[in-house]
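J.: Got a sequence here, can you build the structure:
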Amino acid sequence: MEKRDNREALDAAALAGDILLASGAEIFRVEETMARIAKAYGVTSSDTFVLSSGIFLTAGSEQEKDFARVRHIPLCAARLDRVAAVNQLSREIVAGKHTPGEARDRLLEIQKMPPKARIHQVLASGVGSACFCFLFGGDWLDSLAALGAGLLLYLYLLYLVKGRLSKIASNISGGALVTLACIMLYQWGIGHHLGEMIIGSIIPLVPGVAFTTAIRDIADEDYIAGAVRMLDALLVTFCIAMGVGVVMIAYHHFVGGLVL
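T.: Residues are numbered from 1 along each chain as shown. Prediction:
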C-alpha cells in the first residue's frame, strides 16, 4: 500500500510539473512545487531536473521503490490561470487537504481548463492596443485606430489562422496585418501619429510574459532554460519587426515619402 501511495504521489508531482512548465511557469517554481508535493506525501528521495522543454523526475531508496519519469514539454503560450490554480492546489496538498488520488484528479481538471472565450480575447486585444497607444503618446483618435487594428489582429489569429501557420509565420503576418491596417486608417484621416498607432497595435503580439520568465530563469541561474526562452521571445520579436518592416518598405516603395 505504501509503495502504491508513493507512486501516486510522484504521479501527482509529475503532473503538476507538466502543467506548470507547459503554462509558462519559471523553472524554480516547477522544481519547488514538485518537491513540495512529493515531500508532503512522504516521499523523501525524489529528485527533479527541469529544462524549458522537459522534466526528469526520479525517486528511490532502500525504503522507497525506484521511480523515473521523463516528459517532453513543448514551448507553449503562457496560461497564468493554470499556474495560479496549481500553486493554490500545492498549498492545499502541503496543508494535508488532499490524498494523492484526489490531487491527481484535481490536476487533471486544471489541465483541461479552457482558455478565455475568443470574443473576450478579441476585445482584450483591441482595448489593450488602444490603451498602449495612448500610453506611448497617441491621442484619442490614434487610440481609436489602434483599437480597430487590435480587434482585427485577434480576429485574424483566432478565426483565420487557427493554428494553421507556424509561430514564425503567424507573427510575421500578424505584424504586417496591423501595420497595413494602421497605414490605411492613417491615410483615411483616422489617426494623427502613425508610429504610436502601430506600436500600440502590435503589443498583443509581444511575448512579455515569456521575456520576463526568461530573465527570472537566468537570474535564478537556470541558464539553459532561460537562454532557450529568451531566444524564443527574441525570435517572436524579430518576426513582428519583420512583418512591420516589410509593409513599411513596400508602402514607401509604391507610394513614396515617409510615413512615420
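
J.: residue boundaries of the strands in this protein?
T.: 47-51, 54-59, 67-72 (DSSP state E).

J.: model confidence over the shortest one, on average?
T.: Averaged across strand 47-51, the pLDDT comes to 85.

J.: quick revisit: need the strands of the chain in JSON lines with mean neighbour count and distance to residue 41, can you?
T.: Backbone N, C-alpha and C define where each C-beta goes, glycine included. Listed next are the strands of the chain as JSON lines, based on neighbours: other C-beta atoms under 10 Å; distance: least, C-beta to C-beta, whole Å:
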{"stretch": "strand 47-51", "mean neighbour count": "17", "distance to residue 41": "15"}
{"stretch": "strand 54-59", "mean neighbour count": "19", "distance to residue 41": "11"}
{"stretch": "strand 67-72", "mean neighbour count": "14", "distance to residue 41": "12"}
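
J.: could I get those strands as CSV with distance to residue 79?
T.: As requested, these are exported to CSV (distance: least, C-beta to C-beta, whole Å):
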stretch, distance to residue 79
strand 47-51, 17
strand 54-59, 17
strand 67-72, 17
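
J.: among those strands, which is nearest residue 219?
T.: Of all the strands of the chain, strand 47-51 sits nearest to residue 219, with 15.9 Å by C-beta to C-beta.

J.: Run through who's touching that closest one.
T.: Applying C-beta atoms under 8 Å, 6 or more residues apart in numbering, the contact partners of strand 47-51 are 17, 21, 27, 30-31, 34-35, 55-59, 224-225, 228.

J.: Select from those the entry with the lowest predicted confidence.
T.: Lowest confidence among the contacts of strand 47-51: residue 59, with 80.

J.: what's across from that one in the sheet?
T.: For residue 59, the beta-bridge partners are residue 67 (DSSP bridges).

J.: Next one: it relative to residue 67, how far apart?
T.: For residue 59, the distance to residue 67 equals 4 Å [C-beta to C-beta, to the nearest Å].

J.: Please enumerate the shared neighbours of the two.
T.: In contact with both residue 59 and residue 67: 6, 10, 46, using C-beta under 8 Å, 6+ apart.

J.: Hmm, residue 144 and residue 186 touching each other?
T.: No. Contact criterion C-beta atoms under 8 Å: residue 186 and residue 144 do not qualify, at 11.9 Å.

J.: Leaving out chain neighbours, which residue sits closest to residue 60?
T.: residue 66 (3.6 Å; C-beta to C-beta, 6 or more residues apart in numbering).
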